[in-house]
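A.B. asks: any chance you could fold what I've pasted below:
(2 chains)
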Amino acid sequence: MNFEYTFHWRPVMRKLPDLLEASLVTLQISVLSMIIGITLGMVLALLRMNGPKPLAWIASVWVETARNTPALFQLFFFSFGLGAFGMHLTPYLIVLFGLTFNNAGYLAENFRGGFQAVPDTQLRAARSLGMSAWQSYTRIIIPQVFRIVYHPMTNQLVWAVLMSSLAMIVGFRELAGETQALAFKTFRIFEYFAVAALIYYAMVKFILGISRLIAWRMFRY
Amino acid sequence: MIEIKGLHKYFGDLHVLKGIDLTVKKGEVLSIIGASGSGKSTLLYCINGLEAIQQGEVLVDGVSVHAKGTNLNQLRTKMGMVFQQFNSFPHLTALENVALAPKIVKGKSKAEAKEIARAQLQHVGLGDKFDSYPSALSGGQQQRLAIARALAMEPSYMLFDEATSALDPELVGEVLDTMRLLAEEGMTMICVTHEMGFARDVSDRVAFFHQGIMEEIGPPKQIFSEPKSEHTAKFLANVR
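C.D. replies: A predicted model of the protein is given here:
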């Protein structure tokens, strides 16, 4: 076996603007799926803890499925799965729903742990001052839960960015999808994916940096 | 005035309070003593509606705490509560801890709420801790913070649930001094306590609870020197 591969970086460099643009799509869809995921995750956590039986059960099924099946299959559900029933979503929506479904499931468990970590006596103290249940939760409980789940939430965002690369399988042109399309046009497969990997790495480092900055600014106690 | 009439409280099958009748007048300091599990703390929670009751009635200034249609949030602003575990809000500074409820419950302006908070923190001797987070305060300071927080609502009554039980012995004094100060200022107080010295010296009346029943109530002198119930005598002999 002889190794005769010659690296050609120029085609990749020429398409770098395309890759960078696609990486913005990656960031956008990951962040959006996180924002919706956080909201849904909070609802799922509350339903699982205090919801009426049928809703608590649905929340449990959601969480268990999201956490215990491959993320790829979850994407497949929103593409081929719904497709089998005649519901054809655009690639963008497939990826958004898939990521959001997964994020919400994982975050719900983080939130549930966070709620359990805040002593109930905090709620009692807030109520004893005359705060309504809503005020007690929004001013006292959730800010404390937020700090507890902040770093797990950052991890989930990183995971969402990396997981979004599965989107190339359903034909969505985020960073991985774009990379694949360009790579197979020029057959500089290794070079393209190497550069894409570097961009992923940089994005994750960027997110972690921002996250640390926000934490430093927000959590003074 | 706080009136408790024929109060029964169950936790599941456990009969925690078995028919309590008690009236606390304006300006009175009542200490409640008794062994753990005798229902003392539960009584406090029933008074401000943090616990439901199964029978009887609690009236605060004539308003029934557990009746349907009672605005509990509003009623609770009349009753400050101080807990065994301090329960300072860890994500807020001392000033924010105290200013929050006046602002969001009573609708005071930000500036007014801060003014009240400063005054109350000074009142309990935390005038130099406005910007400290609870994690930077000692247990005694956190408990005084909790007292200031309750006082900021300008309550007519203060309920103390074993306010010194979780404190290191050397920190008990500062909290008791603060409670004494309130008593001298004429605050109506119900203190569940294990501090017999405080109960004897500060209260107008002392009630002894035993297994969900108020065994006896009377002036501290009588309770401590001539208890009528043998349970009271036994309890006092043990704690002394």
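A.B. asks: can you tell me how far the residue most central in space within chain A sits from chain B?
C.D. replies: Relative to the mean C-alpha position of chain A, the nearest C-alpha, by Cα atoms, centre = their mean, is the one of residue A:160, at 3.1 Å. Counting by Cβ to the nearest Cβ, to the nearest Å, the gap between residue A:160 and chain B amounts to 27 Å. All C-beta atoms are positioned from the backbone trio N, CA, C, and that covers glycine.
A.B. asks: what packs against the helix ranked longest in chain A?
C.D. replies: Determined from DSSP state H, the single longest helix within chain A is helix A:16-50. With contacts defined as 3 or more Cβ pairs under 8 Å, 6 or more residues apart in numbering or on different chains; DSSP states H and E, the packing partners of helix A:16-50 are helix A:53-68, helix A:91-117, helix A:142-163, helix A:175-186, helix A:189-218.
A.B. asks: most packed of the ones you listed?
C.D. replies: Between those, the one whose residues have the most neighbours on average, counting mean count of other Cβ atoms under 10 Å in any protein chain shown, is helix A:91-117 (a mean of 22).
A.B. asks: near chain A, which residues of chain B show up?
C.D. replies: The interface of chain B toward chain A, taken as Cβ under 8 Å from any Cβ of the partner chain, is made up of B:48, B:50, B:73-74, B:76-77, B:79-81, B:83, B:85, B:87, B:89-91, B:100-101, B:104-106, B:133-135, B:146, B:149-150, B:153.
A.B. asks: just the buried ones from the residues you listed, in PyMOL syntax?
C.D. replies: Burial among the residues of chain B next to chain A is assessed by 16 or more other Cβ atoms under 10 Å in any protein chain shown; the matching PyMOL selection reads:
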select buried, chain B and resi 48+50+73+76+77+79+80+81+83+85+87+89+90+91+100+101+104+105+106+133+134+146+149+150+153
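A.B. asks: any chance you could list what contacts whichever strand or helix holds residue B:43?
C.D. replies: According to DSSP states H and E, residue B:43 maps onto helix B:40-47. With contacts defined as Cβ atoms under 8 Å, 6 or more residues apart in numbering or on different chains, helix B:40-47 is touched by B:2, B:4, B:7, B:9, B:16-17, B:20, B:32-34, B:51, B:53, B:58, B:60, B:65-66, B:79, B:81, B:84, B:159, B:161-162, B:190, B:192, B:209.
A.B. asks: tell me the buried residues in it?
C.D. replies: Within helix B:40-47, the residues scored as buried using 16+ other Cβ under 10 Å are B:40, B:41, B:42, B:43, B:44, B:45, B:46, B:47.
A.B. asks: okay if I get those as TSV plus pLDDT?
C.D. replies: Formatted as TSV, the buried residues of helix B:40-47 follow (pLDDT from 0 to 100):
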residue	pLDDT
B:40	94
B:41	94
B:42	95
B:43	96
B:44	96
B:45	95
B:46	96
B:47	96
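A.B. asks: which one of those is nearest to chain A?
C.D. replies: Checking the buried residues of helix B:40-47 against chain A with Cβ to the nearest Cβ, the nearest one is residue B:45 at 8.0 Å.
A.B. asks: what stretches of the chain score poorly on pLDDT?
C.D. replies: Chain wasn't specified; assuming chain A. For chain A, residues meeting the criterion pLDDT under 70 lie at A:1.
A.B. asks: hm, I was asking about chain B
C.D. replies: B:240.
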